[in-house]
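Enquirer: coords please:
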Amino acid sequence: MKLSEILNGIEVMNTYSDKEIVDVTQDSRLVKEGSLFICVKGAAFDGHSVAQEMLENGAPAVVVERDLGVENQILVKDTRATYSKICANFFGNPAKKLKLIGLTGTNGKTTTTFLIKQILENVGKKVGLIGTVQNMIDSEVYPAKYTTPESYELQKLFSMMVEAGCEYCVMEVSSQALAQGRVNGLHFDIGAFTNLTQDHLDYHKTWENYFNSKRILFENCDIAVTNLDDENGMKIIDGLDFEKVVTYSIDSNSATYVAKNVKFKSGGVEYEILGDDIGRCSCPIPGRFSVYNSLCAASCALALGINFDDVLFAISKSTGVKGRIEVVPTDTDFTIIIDYAHSPDGLENIITSLKEIAKGRVVTVFGCGGDRDKTKRPKMGKIAAELSDFCVVTSDNPRSENPTDIIDDILVGMKNIDTPYVVVENRKEAIAYAINHAQTDDIILLAGKGHETYQILPSGTIHFDEREVVEEILSGK
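Expert: Residues are numbered from 1 along each chain as shown. Purely as a prediction, here's the structure:
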């Protein structure tokens, strides 16, 4: 591909020689003969520092945002913002051949995207999915490293979806991806908002930055679907122009779609959807948040013109998502549930939902991640202590931090609360403690790891799949 084709639509502030390009990358380790190297300044490494070296390694040109005085430089205003457009051009702008549905918010994105995919597939559509647990092209599964992939991988996935005949792509759009410009140049048929609570402040630093990064999605979509019950649901779209705004709610009759007469059961939730039509929705995923997730999915599908009865049928036949209120099969008189809840709001939602269906105690096994927002730790400790019947405080992904220090931060929030708890730093031993002390009808919640099959320790990353851990403990291994 010619360099001029890759730079099509991008403002270049100098003249350049049109050369043949075989690949594009912002990773200096991946540069090969014919690779266009984009110099991006990151938190720890600035690609501009190796521009000359990349040219010597075979790059025909380097894209820079400041004049380095090197030959074959392409000068642009912002290399990070430009990179996503370069990747899109390199793959032939595949997203333009797809109907994009983007979900953003703190909690609920993963389950909601899966529900939307299942609804569309139920009416015969071919659908791709991009998200935290996995990426999918129709029924084919591909591993996911980030909630929203880096621009190159993202555009490659779009290209593969188009080649496979997909009409739609449903994707989680993270605040980091929005802030870093990974989705620059994409236009969404639907942008949907789930909720907004404290998370990722270690990256964004301020609430305003976090909020504003989420808002970027709605600056680039035709239809906005938003949660009227969340205090940020209307703020996130304030002042923006859309073809249509669709709202959903449990509490407000003024929403486009309202859930009424909600019933919580151990096997799921049931409620009536009131909108242009009225029908009974049955979602086989328990918890109050499942009402919001399924109602958001239904609102998106209805906004796309999917038949109301088809939407209700698809939701009733939906399957759960790995690591989201996932019941672990055990031949015991108690229940073990794995959930990804790793924020204060996420932990509150899952414990509250389990309390609604629990016949016995809710025992919460949880920790907090290292090298992340420390202010969440006492808040999560307080929530777990106030809502659970018993807590086992343990390690999550401590990363480079001392797990004991993280646990001490959690315990600050548990002071002056009567709920009994124990501290077991080793996560496998903590799960074993909960299982070995389980009582009839207990629900043991393993919170924080969800779909992850690893644990990041100061000494490195180890394999750690909580489903396997539970099986080993129950079999006496």
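Enquirer: write down the beta-bridge partners of Ile336, one by one.
Expert: Going by DSSP bridges, Ile336 is paired in beta bridges with Val328, Ile444.
Enquirer: correct me, but it touches Ile325?
Expert: No - under the criterion of CB atoms under 8 Å, Ile336 makes no contact with Ile325, lying 11.6 Å away. C-beta: built from backbone N, CA, C; applies to glycine.
Enquirer: ok, the residue nearest to Leu457 when sequence neighbours are not counted to Ser343 distance?
Expert: Closest residue to Leu457 apart from its sequence neighbours, by CB to CB, 6 or more residues apart in numbering: Pro398 at 6.1 Å. Computed as CB to CB, to the nearest Å, the Pro398 to Ser343 distance reads 17 Å.
Enquirer: quick revisit: show me what contacts the residue nearest to Leu457?
Expert: Gly367, Gly369, Gly370, Ile406, Ile456, Leu457, Pro458 (CB atoms under 8 Å, 6 or more residues apart in numbering).
Enquirer: now Leu115
Expert: Residues near Leu115 by CB under 8 Å, 6+ apart: Asn293, Ser294, Ala297, Ala314, Ile315, Ser318.
Enquirer: surely it is in a strand?
Expert: No - Leu115 is assigned helix when assessed by DSSP: H, G, I helix; E, B strand; the rest coil, not a strand.
Enquirer: could you report the distance from it to Pro378?
Expert: Noted for Leu115: a distance of 33 Å to Pro378, by CB to CB.
Enquirer: one more: Phe390?
Expert: Taking CB to CB, one finds Phe390 at 19 Å from Pro378.
Enquirer: CA atoms of the lengthiest strand in the chain as PDB?
Expert: Secondary structure assigned by DSSP state E gives strand 257-265 as the longest strand of the chain. Extracted in PDB, the C-alpha atoms of strand 257-265 (Å, rounded to 0.1, in the frame of the first residue of the first chain):
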ATOM      1  CA  TYR A 257     -38.700   2.000  27.900                       C
ATOM      2  CA  VAL A 258     -39.700   1.400  31.600                       C
ATOM      3  CA  ALA A 259     -39.400  -1.900  33.600                       C
ATOM      4  CA  LYS A 260     -42.400  -2.400  35.800                       C
ATOM      5  CA  ASN A 261     -43.500  -5.100  38.300                       C
ATOM      6  CA  VAL A 262     -40.000  -6.500  38.700                       C
ATOM      7  CA  LYS A 263     -39.700  -9.900  40.300                       C
ATOM      8  CA  PHE A 264     -36.300 -11.300  41.500                       C
ATOM      9  CA  LYS A 265     -35.800 -15.000  41.400                       C
END
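Enquirer: what packs against it?
Expert: Counting contacts by 3 or more CB pairs under 8 Å, 6 or more residues apart in numbering; DSSP states H and E, strand 257-265 packs against strand 244-249, strand 268-274, helix 288-303, helix 344-357.
Enquirer: strands paired with the shortest one, and their directions?
Expert: In the sheet, strand 244-249 lines up against strand 221-227 (parallel), strand 257-265 (parallel) (DSSP bridges).
Enquirer: mean neighbour count, these: which tops it?
Expert: Among the strands paired with strand 244-249, ranked by average contacts under mean count of other CB atoms under 10 Å, first place goes to strand 221-227 (a mean of 24).
Enquirer: what's the mean pLDDT across that one?
Expert: Mean pLDDT, strand 221-227: 98.
Enquirer: so, low pLDDT: which residues of the stretch 151-300 of the chain?
Expert: Residues of the stretch 151-300 of the chain meeting the criterion pLDDT under 70: 198-205.
Enquirer: picking that back up, closest one to Gly128 among the strands paired with strand 244-249?
Expert: Each of these has some distance to Gly128 by CB to CB; the shortest is strand 221-227, at 17.5 Å.
Enquirer: now do the closest one: everything it contacts.
Expert: Contacts for strand 221-227 (CB under 8 Å, 6+ apart): 102, 105, 187-195, 218, 233-234, 236-237, 240, 242-249, 292, 296, 299-300, 303.
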